[in-house]
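Trainee: Okay, predicted coordinates and the sequence, questions at the end:
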Amino acid sequence: MKRFGGDLSTMWRFDILPPIKRLSWWWWWFILVLPDPKHPERSRQLMVLWSTKETPSIRVNNHWWKPGARMAIDEHDGHVLPGMVCAWWYDGDVMHEPARMTECRIAALTDTHPDWPGEGMGIGGGAVVPLTSDDLSFGMLPDLSKMWLSFKPDHESNPDLPKSFEAELTPWWERPSSATYANNVYALGMGYDILRIHAMKAKVSIDGEAVEGSAYFQKVTVQAPSVPWFWGFLHFDDGTYLDWFLPHISGSMSKKDSTPWSKRDSIRWPSNARGLMHDRSRGTTEKLEQGSIELIRPDESNALRDSDGSVLPRFRIRLHNDRVNVELQVRATSRAHWTFDQPTRAGLTSHLTYNEYPLEVEHILLSDEVGDRNISDFKWIRGNAEHAWGILN
């Protein structure tokens, strides 16, 4: 595959849906998933987020962010938005969070914009460029042959981090490296607009050390209260991709802190999880419309713990359709967590805790009419899971 596929026309735009006060939330999100030579069953991971929100103020990890202005869009669809660049780095042992949390103006433009440095082709090329002294940009070349990502951590907060990350991202194969687009609008203008590239190859330089791994990308507009969810994905060495998703309503919506294992999170509705699998060896894409996600609290004495001392979870996931059955168990090897507190009405404050977990696959079984495959059929399987609670409105 010589270039990224799919419809990339909205990659650099956040004006698809009209904004809604306190509800509209926009972001670009990358996660690089890299081998860990010290713990081959794990992975090293870098997450970078470029984001803004329609809000007078919001507290992010005890940092009050007040945008002070709205997104500006010029006659060439170039965007400048008040936002933040946030990141974490997991080195296989230690979660460095945040690796960066920087307020800045962020510019986004297509390769046909007059300020683009060079000739554009108008088929999806463009860039996101935070207006900072450090290069925190990412973008797509005009011919769609590759993407780049540049990142430098904030060493004032953590001098032990690598000094720089430079990533070159190229297509893997047609199905996971073609952009997918979803747009849905409900009542009162609420809805979502999401573009994803499920998997790509990543060549990354970490302070000059060359590493090859994979990457996942999404560009998201959400215009609705953020309710609890489970989500996660796996990349397989042969290019297979698997994800799962379960948004739900539960007692955890009333939580106001980031402490895990609340008894209020015991009953969830709906309980049916859905997933997607791009199967490289079969050359198919399977929508897995039935399934379940079980959150398991390990009870062994040597259970892994996060930086706050809380036991890290396991997830047991089952997904299937008429042709394919997927069963897996993964355990979190670390935890990054972000807390959001947004003033609403009558002096009230809404809260969301967003957790990201680098994963180790303990068991997996893929079954179809051709046969069964398990963990021994793959050289490596790497991924990340999310669990969020609270409600942000």
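Mentor: Cool, the structure landed. Because the structure is predicted, anything quoted here is derived from the model rather than measured.
Trainee: what secondary structure does residue 188 sit in?
Mentor: Assigned by DSSP: H, G, I helix; E, B strand; the rest coil, the conformation of residue 188 is helix.
Trainee: Leaving out sequence neighbours, find the closest residue to it.
Mentor: Leaving aside its sequence neighbours, residue 188 sits nearest to residue 20 (C-beta to C-beta, 6 or more residues apart in numbering; 7.8 Å). To be clear about C-beta, it is placed using only N, CA and C from the backbone, and glycine gets the same treatment.
Trainee: partners of the helix or strand of the chain with the lowest mean pLDDT, with directions?
Mentor: The helix or strand of the chain with the lowest confidence, counting by mean pLDDT, DSSP states H and E, is strand 268-269 at a mean of 89. Note on strand 268-269: by DSSP bridges, its sheet partners are strand 249-250 (antiparallel).
Trainee: How is the protein divided into domains?
Mentor: 1-224, 225-393 (automatic domain parsing).
Trainee: As CSV, those domains with mean neighbour count would be great.
Mentor: Below are the domains of the chain laid out as CSV (neighbours: other C-beta atoms under 10 Å):
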stretch, mean neighbour count
domain 1-224, 18
domain 225-393, 17
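Trainee: For the longest strand anywhere in the chain, which helices and strands make contact with it?
Mentor: Counting residues, the longest strand found in the chain (DSSP state E) is strand 349-367. When contacts are defined as 3 or more C-beta pairs under 8 Å, 6 or more residues apart in numbering; DSSP states H and E, strand 349-367 sits against strand 43-53, strand 229-236, strand 325-332, strand 336-343, strand 372-374, strand 381-391.
Trainee: Spatially nearest residue to residue 271 (excluding sequence neighbours)?
Mentor: residue 292 is the one closest to residue 271 (C-beta to C-beta, 6+ apart), at 6.4 Å.
Trainee: got it, and residue 165?
Mentor: Residue 165 sits nearest to residue 151 (C-beta to C-beta, 6+ apart), 4.4 Å away.
Trainee: how about the one you found, what does it touch?
Mentor: 46, 48, 87, 100, 136, 164-165, 167 (C-beta atoms under 8 Å, 6 or more residues apart in numbering).
Trainee: quick one: stretch 312-332 to chain centroid distance?
Mentor: 19 Å (C-alpha atoms, centre = their mean, to the nearest Å).
Trainee: again, but for stretch 38-53
Mentor: 9 Å.
Trainee: Next: stretch 214-229.
Mentor: 7 Å.
Trainee: Report the rounded mean pLDDT for that stretch.
Mentor: Here stretch 214-229 scores 94 as its mean pLDDT.
Trainee: Only C-alpha atoms, please: export it in PDB.
Mentor: Output in PDB follows, covering the C-alpha atoms of stretch 214-229 (Å, rounded to 0.1, in the frame of the first residue of the first chain):
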ATOM      1  CA  SER A 214       2.700   0.800  15.100                       C
ATOM      2  CA  ALA A 215       0.300   3.700  15.600                       C
ATOM      3  CA  TYR A 216      -3.400   4.500  15.900                       C
ATOM      4  CA  PHE A 217      -5.000   7.900  15.100                       C
ATOM      5  CA  GLN A 218      -8.300   9.500  15.600                       C
ATOM      6  CA  LYS A 219      -9.800  13.000  15.000                       C
ATOM      7  CA  VAL A 220     -13.000  13.500  17.100                       C
ATOM      8  CA  THR A 221     -15.800  16.000  17.600                       C
ATOM      9  CA  VAL A 222     -18.200  15.100  20.400                       C
ATOM     10  CA  GLN A 223     -21.300  17.200  21.100                       C
ATOM     11  CA  ALA A 224     -23.100  15.500  23.900                       C
ATOM     12  CA  PRO A 225     -22.500  14.800  27.600                       C
ATOM     13  CA  SER A 226     -19.600  12.400  28.000                       C
ATOM     14  CA  VAL A 227     -20.800   9.200  29.800                       C
ATOM     15  CA  PRO A 228     -18.800   6.200  31.000                       C
ATOM     16  CA  TRP A 229     -17.200   3.900  28.400                       C
END
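Trainee: Would you mind listing the residues in contact with the closest residue to residue 382 other than its chain neighbours?
Mentor: Spatial nearest neighbour of residue 382, excluding adjacent residues (C-beta to C-beta, 6+ apart): residue 43 at 4.0 Å. The contact partners of residue 43, taken as C-beta under 8 Å, 6+ apart, are 33-36, 92, 213, 358-359, 382-383.
Trainee: Just list whatever residues bridge to residue 43.
Mentor: Those that pair with residue 43 in a beta bridge, by DSSP bridges, are residue 35.
Trainee: what's the pLDDT at the residue of the chain most remote from its centre?
Mentor: Within the chain, residue 346 marks the point farthest from the mean C-alpha position, 32.9 Å out by C-alpha atoms, centre = their mean. Per-residue confidence (pLDDT) for residue 346: 74.
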